[in-house]
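A.B. asks: sharing a model that was predicted from the sequence below.
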Amino acid sequence: MKNFKLNLFLSIFIFAFTLQSVNVFADDIKISNFPVIAGGAGAVMDFDSGAVLWSKDGDSQRTIASMTKVLAIAVAFDEIKAGNLNMDDKVVISANAAAISNNPMWSGHESFKTGEIQTVRDLLNNAVVFSGNASIVAIGEHISGSTAEFATKMNALAEKIGMNGYFVDPAGMSENNTTTAKSMLKLGKYIYENYENEIKSMTMLSSVYVHGILKKSTNMLLNNGYSGIEGLKTGTYSSYNANFIGVAKRGDKRLIAVTINTPTANRFSDITSMFEFGWKNDFNQYWKNDSRLTETQISSDKKNPLNGDKFKITLMNKKLKNINNFTGKVRWFINGEPYLANSIRDMNYSNLGQIEVSKNDDEPMRITAQLWFGNEMYDSYSMIFQDGSNEAQNDMAETVTDNVDLYENPIK
């Protein structure tokens, strides 16, 4: 009898252990394989949604050395887009830039001479590939007349992107260039979202020539063939204070990761640890199964906007406040047509997405927010605003429930 009870107990225990091991609960998706990094700060972002999947001291101000160049390059791309600069423009190397290029203290790679002519394209390639300080200084002087004036443009763009930091020179030579890990992710998203082809034409170069001398990329993930690597930029003050922001894409998933104030020997392993965390976890599937999504609502800050009024529409979920790794992405439509203006996401205020629109006529206006995970739509939410004339002031906006197949084709 004792042997029977013992065998029965062991059978039940083994069965229960087996259930736990194979995770028979189909909806019980767990996040695992969390990163371990040596850096003082770090973070990894899902590019498509902008969700910060994981961070370590991600909001602390840190010196970032040559990662500062990413912001300077973004300013240069904006200038090209505005028609103020061209990749083939000729840049005259100043005495200041020439001195920096020949000073070993500043990794004098280029060995420029005062008055030498270089193209914008070559200087940007130098800055990205081997972190040429003089090259990006020359770009800043060419655009703004001085690096101090160029830093003003850098800070303006940083504010526009939503970065938390301050910048004093384009090369990152001063330790007064500071920002946060999460801010660097926003910068990486901005430059790849707006200038993917331009930046990848530089970040995917394994080497360049300057005055006939081969200069290899400082990105060892590129040099060593890490799967999916697309960029981006190293930064170094010393062997124990190094940085790297990396971008990689596998299939439809692109990740951005950054490590700050880490030993030189660890900066690339820090990034791969965060990348592997992003690759191995299906955050979209994880969130699609979350019951809190049923609390998602659409709202307006004006119930009955009149013609000419600007107003904000928000897709929000109070249950998801401060949940930074939420990977849902909001796509907007007005009267069935895609609305491509920037959708503001702020999980601190439970905002999954927010847009500002204008009512321009007396016709009914239907505003729709679709919540997507990857290439699959989860649900659709709409508000209908009736006649916007003064005579219709007492009419109320109507919130309607959409069918999930309201718009069948994904907008990519």
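C.D. replies: On my side now, so go ahead.
A.B. asks: any idea how far Gly374 is from Met87?
C.D. replies: Distance, Met87 to Gly374, using C-beta to C-beta, to the nearest Å: 34 Å. C-beta: built from backbone N, CA, C; applies to glycine.
A.B. asks: quick one: which of these two has more around it?
C.D. replies: Gly374 (20 against 16; other C-beta atoms under 10 Å).
A.B. asks: wait, that one touches Asp252, no?
C.D. replies: Yes. Between Gly374 and Asp252 there is a contact under C-beta atoms under 8 Å: 6.4 Å.
A.B. asks: between the two, which contacts overlap?
C.D. replies: Shared contacts of Gly374 and Asp252 (C-beta atoms under 8 Å, 6 or more residues apart in numbering): Asp48.
A.B. asks: any idea how far apart the tips of stretch 124-134 sit?
C.D. replies: 11 Å (C-alpha to C-alpha, to the nearest Å).
A.B. asks: and that stretch, how far out from the chain's middle?
C.D. replies: 22 Å (C-alpha atoms, centre = their mean, to the nearest Å).
A.B. asks: list the contacts of it.
C.D. replies: 66, 69, 72-73, 76, 87, 93, 97-98, 100-101, 106-110, 112, 123, 135-136, 139, 171-173, 199, 202-203, 205, 207-208, 210, 215-218, 231, 233-236.
A.B. asks: now name the helix or strand holding the residue most central in space within the chain.
C.D. replies: By C-alpha atoms, centre = their mean, the chain has its centre lying nearest to Lys189, at 2.9 Å. Using DSSP states H and E, Lys189 sits within helix 181-203.
A.B. asks: and the strands in the stretch 101-250 of the chain?
C.D. replies: 117-119, 165-166, 178-179, 207-210, 213-216, 229-238, 241-250 (DSSP state E, counting those that start in this stretch).
A.B. asks: the second one packs against which elements?
C.D. replies: When contacts are defined as 3 or more C-beta pairs under 8 Å, 6 or more residues apart in numbering; DSSP states H and E, strand 165-166 packs onto strand 178-179.
A.B. asks: what's the mean pLDDT across the strand it packs on?
C.D. replies: Averaging pLDDT along strand 178-179 yields 98.
A.B. asks: for stretch 288-306, buried residues please.
C.D. replies: 288, 290, 293, 296, 298, 300, 304-305 (16 or more other C-beta atoms under 10 Å).
A.B. asks: try stretch 312-321
C.D. replies: Neighbour count says stretch 312-321 has 313-317, 320 buried, by 16+ other C-beta under 10 Å.
A.B. asks: now do stretch 151-159
C.D. replies: 151, 153-155, 157-158.
A.B. asks: can you get me the start-to-end distance on stretch 281-296?
C.D. replies: Terminal residues of stretch 281-296 lie 24 Å apart, using C-alpha to C-alpha.
A.B. asks: so where's the stretch 51-200 of the chain shaky on pLDDT?
C.D. replies: The stretch 51-200 of the chain contains residues with pLDDT under 70 at 108.
A.B. asks: hmm, back to that, what's the closest of the buried residues of stretch 312-321 to Ser358?
C.D. replies: The closest of those to Ser358 turns out to be Ile313 (C-beta to C-beta; 11.4 Å).
A.B. asks: who is that closest one paired with across the strands?
C.D. replies: Here Ile313 sits in beta bridges with Ser300, Ile355, going by DSSP bridges.
A.B. asks: quick one: it and Ala369 touch, right?
C.D. replies: Yes. Between Ile313 and Ala369 there is a contact at 7.2 Å, judged by C-beta under 8 Å.
A.B. asks: now do the buried residues in stretch 135-153.
C.D. replies: Within stretch 135-153, the residues that count as buried by 16+ other C-beta under 10 Å are 135-144, 147, 150-151, 153.
A.B. asks: of those residues, closest to Thr272?
C.D. replies: For those, the nearest to Thr272 is Ile136 (26.9 Å; C-beta to C-beta).
A.B. asks: nearest spatial neighbour of that closest one, skipping sequence neighbours?
C.D. replies: Spatial nearest neighbour of Ile136, chain neighbours left out: Ala127 (4.1 Å); criterion: C-beta to C-beta, 6 or more residues apart in numbering.
A.B. asks: and the one you found, how far from Met67?
C.D. replies: 12 Å.
A.B. asks: helices along the protein, start to end?
C.D. replies: 2-22, 68-81, 95-101, 120-129, 133-144, 147-161, 181-203, 220-223, 267-280, 283-288 (DSSP state H).
A.B. asks: in TSV: the ones you listed, plus distance to Val52.
C.D. replies: Converted to TSV, the helices of the chain look like this (distance: least, C-beta to C-beta, whole Å):
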stretch	distance to Val52
helix 2-22	30
helix 68-81	18
helix 95-101	35
helix 120-129	25
helix 133-144	28
helix 147-161	15
helix 181-203	6
helix 220-223	21
helix 267-280	11
helix 283-288	11
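A.B. asks: which of the ones you listed is buried the deepest?
C.D. replies: Mean neighbours per residue, mean count of other C-beta atoms under 10 Å, is largest over the helices of the chain for helix 133-144, with a mean of 26.
A.B. asks: tilt between it and helix 120-129?
C.D. replies: On the basis of axes from the mean of the first three to the mean of the last three C-alpha atoms, to 10 degrees, helix 133-144 is oriented at 130 degrees to helix 120-129.
A.B. asks: between helix 133-144 and helix 68-81, what angle do the directions make?
C.D. replies: 40 degrees.
A.B. asks: burial check on the spatially closest residue to Glu230 that is not a sequence neighbour, number of neighbours?
C.D. replies: Nearest non-adjacent residue to Glu230, counting by C-beta to C-beta, 6+ apart: Val247, 4.6 Å away. Val247 has 28 neighbours, counted by other C-beta under 10 Å.
A.B. asks: can you list the domains in this structure?
C.D. replies: Split into domains by automatic domain parsing, the chain comes to 41-281, 291-401.
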